[in-house]
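Visitor: Make a model of this:
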Amino acid sequence: MVLSASRRTDIPSFYSQWLMNRLRAGYVLVRNPMNHAQVSRVALSSDAVDCIVFWTKDPVNLLDKLPEIDAMGYRYYFQFTLTPYGKTLEPGLRDKADIVETFVRLGELIGKDRIVWRYDPIVVSGELDAGYHVKRFAALCGRLHPYAKYVNISFVDMYAKVRSKLIRPVTPGEMAEIAGRFAEIAAHFGLPVRACCEPDLLDCGIQPASCIDKSLVEELCGYRLNAVSDKNQRAGCRCVQSVDIGTYNTCAHGCAYCYANASVKGAAANRARHDPLGEFLLGGSLTGDRITERRMVSLKESQTGLFGG
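Guide: Okay, the predicted model is just below:
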């Protein structure tokens, strides 16, 4: 299986010690976000986990734990979101200059082939016009291109919960202008640009992205995967199936465009309830829970290896 850690919250930033405790224990309990009483017991042995995909905006708290994860036999890569926004849109993040240096440090530790840089979402509002994005994307490319395999972009989705005076829909003309300039800039640095669920950007020379990327996982594993598309994601998503061990409404970054938190206050309250020693990321077993052992096996194809083995 591919383990997603996590689309629902920033585990590397806020819950890295809990993650290590669960990897050592060899399992984790995960509530179904659509059916609270349904709980899966997910086995986490390195034999069953083909790859871990870390989603994060600041992995600084996980860096010192990577040697142990390596020693346990896990393969992994990072989806590292790094945008130029300030505290108005991303109030809970450290200074961006410091996070840039964390990105560089991570690249020096694990190599560029295990880091996907995400410039995501692209928010256009007020001073955050095309010129703003082009200037800052160029500066970030100049610093990050030696440490990233490629850069994934997407434009903000106007979910009901993100509508505010700070965020407005992006026009097709703005998308084309920004994407076209991004493709030119990134090409100068030899950095491929891909787009997540943005099919109209093909005309800009930008190919579709896969965040849970079968080909990248196969490269890291050294064998082919019997993996299928993830039907539980939004239209246009090219990801393959994964098992997510995160919990919604637990991320403390407080980003204005976030879809994973119901409220900033609720997320802060939930984080305060977190137990690093717990089987769940949040809370514990409740009366009425139905705990099911989820069958977790490697997706490795049995016939041939990727490199002829």
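Visitor: give me the element the residue nearest to the spatial centre of the chain is part of.
Guide: Centroid-nearest residue in the chain: residue 55, 2.6 Å away (criterion: C-alpha atoms, centre = their mean). Using DSSP states H and E, residue 55 maps to strand 51-56.
Visitor: counting contacts, what elements does that strand pack onto?
Guide: strand 2-5, helix 11-14, strand 76-81, helix 214-221 (3 or more C-beta pairs under 8 Å, 6 or more residues apart in numbering; DSSP states H and E). C-betas here are computed from N, CA, C, even on glycine.
Visitor: Pull the distance from that strand to the chain's centre.
Guide: 6 Å (C-alpha atoms, centre = their mean, to the nearest Å).
Visitor: and what of stretch 174-192?
Guide: The chain centre lies 21 Å from the centre of stretch 174-192; the measure is C-alpha atoms, centre = their mean.
Visitor: Pull out the buried positions in that stretch.
Guide: For stretch 174-192, a neighbour-count test (16 or more other C-beta atoms under 10 Å) marks 174, 175, 177, 178, 179, 180, 181, 182, 183, 185, 186, 191 as buried.
Visitor: hang on, the earlier thing: quick one, grab the pLDDT at the residue nearest to the centre of the chain.
Guide: Residue 55 is assigned 98 on the pLDDT scale.
Visitor: ok, which stretches of the stretch 151-300 of the chain are strands?
Guide: For the stretch 151-300 of the chain, strands defined by DSSP state E, counting those that start in this stretch occupy the ranges 193-195, 207-208, 223-225, 243-244, 290-294, 300-305.
Visitor: Turn those into TSV, including mean neighbour count, mean pLDDT and distance to residue 7.
Guide: Listed next are those as TSV, based on neighbours: other C-beta atoms under 10 Å; pLDDT from 0 to 100; distance: least, C-beta to C-beta, whole Å:
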stretch	mean neighbour count	mean pLDDT	distance to residue 7
strand 193-195	24	93	18
strand 207-208	14	87	18
strand 223-225	19	95	19
strand 243-244	20	96	6
strand 290-294	12	93	17
strand 300-305	12	66	24
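Visitor: Tabulate these (a markdown table), appending distance to residue 84.
Guide: Listed next are those as a markdown table, based on distance: least, C-beta to C-beta, whole Å:
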| stretch | distance to residue 84 |
| --- | --- |
| strand 193-195 | 16 |
| strand 207-208 | 24 |
| strand 223-225 | 35 |
| strand 243-244 | 28 |
| strand 290-294 | 39 |
| strand 300-305 | 40 |
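Visitor: follow-up on the earlier one: okay, the helices and strands packed on strand 51-56 in a markdown table with mean neighbour count next?
Guide: Formatted as a markdown table, the helices and strands packed on strand 51-56 follow (neighbours: other C-beta atoms under 10 Å):
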| stretch | mean neighbour count |
| --- | --- |
| strand 2-5 | 25 |
| helix 11-14 | 24 |
| strand 76-81 | 22 |
| helix 214-221 | 18 |
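Visitor: what lines up beside the strand holding residue 55 in the sheet?
Guide: strand 2-5 (parallel), strand 76-81 (parallel) (DSSP bridges).
Visitor: now that strand against helix 214-221, angle please.
Guide: If you take axes from the mean of the first three to the mean of the last three C-alpha atoms, to 10 degrees, strand 51-56 sits at 110 degrees to helix 214-221.
Visitor: Surely residue 178 is in contact with residue 134?
Guide: Yes: between residue 178 and residue 134 there is a contact under C-beta atoms under 8 Å: 6.9 Å.
Visitor: pLDDT (mean, whole number) over stretch 113-120?
Guide: 97.
Visitor: From the chain's centroid, how far away is it?
Guide: On C-alpha atoms, centre = their mean, the centre of stretch 113-120 falls 9 Å from that of its chain.
Visitor: State the pLDDT value of the nearest residue to residue 267 once chain neighbours are set aside.
Guide: Excluding the flanking residues, the one nearest residue 267 by C-beta to C-beta, 6 or more residues apart in numbering is residue 261, at 4.6 Å. Model confidence at residue 261, given as pLDDT, is 92.
Visitor: any idea how far residue 237 is from residue 261?
Guide: Here the criterion is C-beta to C-beta, to the nearest Å. By it, residue 261 lies 21 Å from residue 237.
Visitor: Settle it for me: which of those two has more neighbours?
Guide: residue 261 (22 against 18; other C-beta atoms under 10 Å).
Visitor: Relative to residue 290, how far out is the more buried one?
Guide: 26 Å.
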